[in-house]
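J.: Got a predicted structure plus its sequence, pasted below:
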Amino acid sequence: MKNNSLFISLEGIDGCGKSSLIEKLITRLAQHSVLCIREPGGTVISEKIRDMLLDIKNKGIIPRTEALLYMAARSQLVEEIINPGLAAGKIVLADRYIDSTVAYQGYGRGLEINLLKTLNQFCTGGLKPHLTLLLDITPEEGERRRRTDIPDRLEKEGITFQEKVREGYLQLAREEPDRIKIIDAAKEIEAVADEAMHYIQPLLDKDPS
Ligand code: TMP
């Protein structure tokens with residue numbers, strides 16, 4: 001059976017413009033069956049974990065707990081939503097996935113990178129995106145864009161934390177250049193969407209047989 005499924009994740013520091021890009025991609029991929037998900041969240045259990053993780057009152061969450069909660073939300077999402085979506089031939093568009101944990105809890109919080117990668121493999125059953133678009137932006141620009149939002153628990157971490165996360169993402173892109181493509185997210189949104197489609201289109205054109 002032919003299956004045109006495609007798994008694309010969007011990554012980047014807070015304020016990098018993932019939500020705006022997703023809106024554009026939904027329009028540009030309108031002739032396809034697209035399933036959009038966001039992490040943490042996307043299932044009943046994962047949304048409950050999301051509330052716990054992002055609640056600014058939960059100051060006591062230690063980095064290891066934080067990492068495991070993100071992973072728990074992710075395994076539920078893979079099983080309930082992502083795998084069935086891919087099996088049905090959809091394009092799954094994920095707002096964050098495995099690289100977020102390595103960038104935020106690994107490079108940002110200082111947890112052991114290789115251990116997080118192993119745990120990611122465990123909680124996803126080894127499922128990696130075909131393509132990951134890394135929206136790269138300076139923490140200062142990310143913060144400027146978020147100025148009108150009410151910051152969640154992680155967004156309150158400040159510029160130094162975001163800088164570490166950004167460096168982590170760039171390191172991951174150097175390690176997996178075939179999967180992770182860096183896009184300059186300081187550009188205006190149509191140009192960002194053009195560049196995203198430049199990477200997505202060849203995968204759509206590929207013969208799935
Ligand atoms: P967002 O919905 O604005 O992308 O917010 C999710 C927040 O959670 C963001 O600050 C990044 C953070 N996060 C992690 O720290 N680790 C993870 O594994 C994931 C998926 C998100």
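T.: Good, I have the coordinates. This structure is a prediction, so every number in the text was calculated from the model and none was measured.

J.: Counting by contacts, list what the lowest-mean-pLDDT helix or strand in the chain packs against.
T.: Comparing helices and strands within the chain by mean pLDDT, DSSP states H and E singles out helix 139-146 as the least confident, with a mean of 91. In this structure, helix 139-146 makes packing contacts with helix 159-175, judged by 3 or more CB pairs under 8 Å, 6 or more residues apart in numbering; DSSP states H and E. C-beta coordinates here come from the backbone N, C-alpha and C atoms, glycine included.

J.: didn't Ile159 look like it was pressed against Glu143?
T.: Yes - Ile159 lies in contact with Glu143 (CB atoms under 8 Å); the separation is 6.6 Å.

J.: Looking at these two, which is more packed in?
T.: Counting neighbours by other CB atoms under 10 Å for Ile159 and for Glu143 shows that Glu143 has the greater number, 18 against 12.

J.: any idea how far Gly85 is from the closest residue to Leu127 other than its chain neighbours?
T.: With sequence-adjacent residues excluded and distances taken as CB to CB, 6 or more residues apart in numbering, Leu127 is closest to Val78, at 5.8 Å. Distance check for Val78 against Gly85: by CB to CB, to the nearest Å, it reads 10 Å.

J.: can you check Ala185 too?
T.: When CB to CB is the yardstick, Ala185 and Gly85 sit 26 Å from each other.

J.: more neighbours, those two?
T.: Set side by side, Ala185 and Gly85 show unequal neighbour counts under other CB under 10 Å, the larger going to Ala185 at 26 against 21.
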